[in-house]
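Visitor: quick one: sequence plus predicted model below, questions after.
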Amino acid sequence: MTKLSGTSPKKLIPISLVCLTAIVLSSGIWQLNGLNKQAMSIAVTKAQGTAIVIKAARAWNSQIGGVYAPITALVPPNPYLDLPDRDIRSNLGQKLTKVNPAYMTRQIFDIIREPGHLGMRITSLKPLNPVNSPDSWEIKALTKAENIRTDIAELVASGNSESYRYMALLLVDESCMKCHAKQGYKIGDIRGGISIIQPIGHIKSLIKPQKNKIILMHLAAFILSGLIIYGMLLRMNKNWTDLNMLAENQQKAIMNSTIKLRETNESLQAEVEHRRAAEESLKSTNMQMGKWIGALQGRSRQMILMNQMSSMLHSCTTIQDAYKVAASFIRQMPVFGSGVIYSIEKTEKHYKIAESWGRRICKDIFWPDECWAIKLGRMHKYESDTDSVACSHFAAIESCICVCIPLMTSGEIIGLISFLTDRSSTTGEDDFQSQMTLLVAEHISLSLTNIQLRSKLHIESIKDPLTNLYNRRYFDDILHKEVFRSARTGNPFCIIMGDIDHFKNLNDTYGHETGDLVLKGLADIFTCSIRAEDTACRYGGEEFVIVLPNCDVTSALQKAELMRNLFKNKIFNSSKGQDIKATISFGIAQYPVHGRNFEDILLAADAALYSSKNHGRDTTEIAEIPS
């Protein structure tokens, strides 16, 4: 190694002295400031003590109502004491004058005042005696005290001199009100204060010996510390020189070590060759890792497809659409191999293929007892090399894995999804395949549930709950569509509007339960009498309307008369056990003969119904052709 770098200890001597000077000066200034604060505290304590004594004397004077003293040059009568008994004569004929608290305070100040050391007086913002008028500091102190209501102590500069000023507050009490009530004071107000001034020069003379002592102590500490630091730096400089010599010796040793390192390097090269072989092994491992990453990426792509399938399934409106969407996405995911989706034929109670992918693996149609998943109500898995039982609807089950999952909504099986994968293609993928098959079945089941729920809600929104006929909302939609269809194709259509005669009286006489029974019976007659393409609706209350596409007025009249007679001859059992009958009146209008838009054709049918009512009811009237 080379010589030591950095700063020589000799060069640190000036810096050390500067730092020492700063430390000693800071300490001295801090202690002198502390001494000044102590002097201020002494001055305040002295002022507080003086104020307490004076306040005590004033309180005593106030409690006894003042004292009388002989009139002398030092104690003349107080011209500002406006009392009838201010001046009296004793029994011996001596003239006496009353000394109140304020007058007594001034007399005490004259006795205890220390010229040049301690000054004091009483003052007020509203003095009776002009002598007691406040100076500028006293005005500021008394004004400030009005807000904080506590004594004021400050160090005040005046010209080239400084003084400690103290203001002890005097509050108005009951005894003060005799003289000062006319000034507007109230009990508890600040009447004025005892102003005490202590020149700082006197206080400084008291602490001067301590200041000198602090200065001498810090000067001695500076000299002693400087000598110690200087000696230490000289010693460090000697050590620095010794270390440089040691560095030169170590440089020589390093050169010798370098030669040995060259020899060691040659042996390391042989080690490198050995490690190259290890790297080849690592490359092989990386290739295997690449395959695993490829498999993970494949899984990731399949999960993305699964999410896309789920999104599209939520938008399907029919079960057939859901099956088609599911099959289209499943075909893109290799993990599922071959498979089918079965839908249930409820009328014949068997299952048939709705969608398929891959090779043909299952029967086109099978019965529920041919599938274990349907019998168990849960997923069933068959593996060809195990003792598990296969479902009989699979066509080829050699060296493969077969999975069946029922598609359920609200606890009811409405379909089945079956998968078949070759045993050789699922190595290491069994868990992922099982998870994906369950996931796709879950998505399809959820979509089917949503479709059934939406279908149910749609039916409830367009069906009348009592009669199970379509409601007025659906009628408005279907009539608009028929108007547009007929206008486009030129084929006519009719509407039959009916109203049960005297239905209110029937309700009032036999009760609403019987009325509901009559409405349901009429709805049954409509359902049995009209064609599949016709639409019967409950228009409101006891009013009904039937839309007959591709029908003229003659055929509509025959249909109306048939239904009128069927209803007229139908016997209903009332809730009171009576057999009753009811009649209905119809009005018929044909598009476009009686109207060329939605409103006109409806008004025409309504007018025909109104005419039927006016002609004795239980009749059918055809609308008049507008002029």
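Guide: Alright, I've got the coordinates. Numbers count the residues shown, from 1 in each chain.
Visitor: please count neighbours and contacts with C-alpha atoms only from this point.
Guide: Noted.
Visitor: mean confidence score for stretch 151-163?
Guide: For stretch 151-163, the mean pLDDT works out to 78.
Visitor: ok, and what's touching stretch 358-376?
Guide: 331, 337-340, 349-353, 379-380, 390-396, 404-406, 413, 416, 420 (C-alpha atoms under 8 Å, 6 or more residues apart in numbering).
Visitor: which residues does the closest residue to residue 406 other than its chain neighbours contact?
Guide: Once flanking residues are discounted, residue 406 sits nearest to residue 416: 4.5 Å by C-alpha to C-alpha, 6 or more residues apart in numbering. Residue 416 makes contact with 341-343, 374, 404-407, according to C-alpha under 8 Å, 6+ apart.
Visitor: run the last query once more with 7 Å
Guide: Residues near residue 416 by C-alpha atoms under 7 Å, 6 or more residues apart in numbering: 341-343, 404-407.
Visitor: and the pLDDT at it?
Guide: Predicted confidence (pLDDT) for residue 416: 87.
Visitor: could you measure from it over to residue 170?
Guide: 102 Å (C-alpha to C-alpha, to the nearest Å).
Visitor: what's the local residue count around residue 222?
Guide: By the other C-alpha atoms under 10 Å criterion, the neighbourhood of residue 222 contains 18 residues.
Visitor: does it count as helix, strand or coil?
Guide: Using DSSP: H, G, I helix; E, B strand; the rest coil, the structure places residue 222 in helix.
Visitor: also residue 140?
Guide: For residue 140, the assignment made with three-state DSSP gives helix.
Visitor: out of the contacts of residue 416, flag the one nearest to residue 15.
Guide: Nearest to residue 15 out of those is residue 405 (C-alpha to C-alpha; 88.0 Å).
Visitor: what's around that closest one, how many residues?
Guide: Neighbour count for residue 405, taken as other C-alpha under 10 Å: 25.
Visitor: and it, how far is that from residue 441?
Guide: 7 Å.
Visitor: now do residue 310
Guide: For residue 310, the distance to residue 441 - C-alpha to C-alpha - is 11 Å.
Visitor: list the helices and strands whatever helix or strand residue 608 lives in packs on?
Guide: Here residue 608, judged by DSSP states H and E, is contained in helix 598-614. Under the contact definition 3 or more C-alpha pairs under 7 Å, 6 or more residues apart in numbering; DSSP states H and E, helix 598-614 sits against helix 472-489, strand 493-500, strand 584-591, strand 620-622.
Visitor: list of residues touching the shortest one?
Guide: It stands for strand 620-622. Contacts for strand 620-622 (C-alpha under 7 Å, 6+ apart): 561, 585-589, 608-609, 611-612.
Visitor: what's the answer for the first one, then?
Guide: Here helix 472-489 makes contact (C-alpha under 7 Å, 6+ apart) with 462, 492, 537-539, 597-598.
Visitor: which of those residues are buried, as a ChimeraX select command?
Guide: Remark: buried members of the contacts of helix 472-489, expressed as a ChimeraX selection using 16 or more other C-alpha atoms under 10 Å:
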select :462,492,537,538,539,598
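Visitor: which one among the contacts of helix 472-489 gets closest to residue 108?
Guide: Nearest member of the contacts of helix 472-489 to residue 108, counting by C-alpha to C-alpha, is residue 462, at 108.5 Å.
Visitor: spit out the contact partners of that closest one.
Guide: 470-471, 473-474.
Visitor: which single one of those is nearest to residue 134?
Guide: Among these, and counting by C-alpha to C-alpha, the member closest to residue 134 is residue 473, at 95.1 Å.
Visitor: got the CA coordinates for whichever strand or helix holds residue 407 in CSV?
Guide: Using DSSP H and E, residue 407 falls within strand 400-409. Provided in CSV are the C-alpha atoms of strand 400-409 (Å, rounded to 0.1, in the frame of the first residue of the first chain):
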residue,chain,number,x,y,z
CYS,A,400,-59.1,-41.9,-20.8
ILE,A,401,-60.5,-39.8,-18.1
CYS,A,402,-64.3,-39.0,-18.2
VAL,A,403,-65.9,-36.2,-16.1
CYS,A,404,-69.6,-35.4,-15.8
ILE,A,405,-70.9,-32.3,-14.0
PRO,A,406,-74.6,-31.5,-13.6
LEU,A,407,-75.6,-28.0,-14.6
MET,A,408,-77.9,-26.8,-11.8
THR,A,409,-80.1,-23.8,-11.1
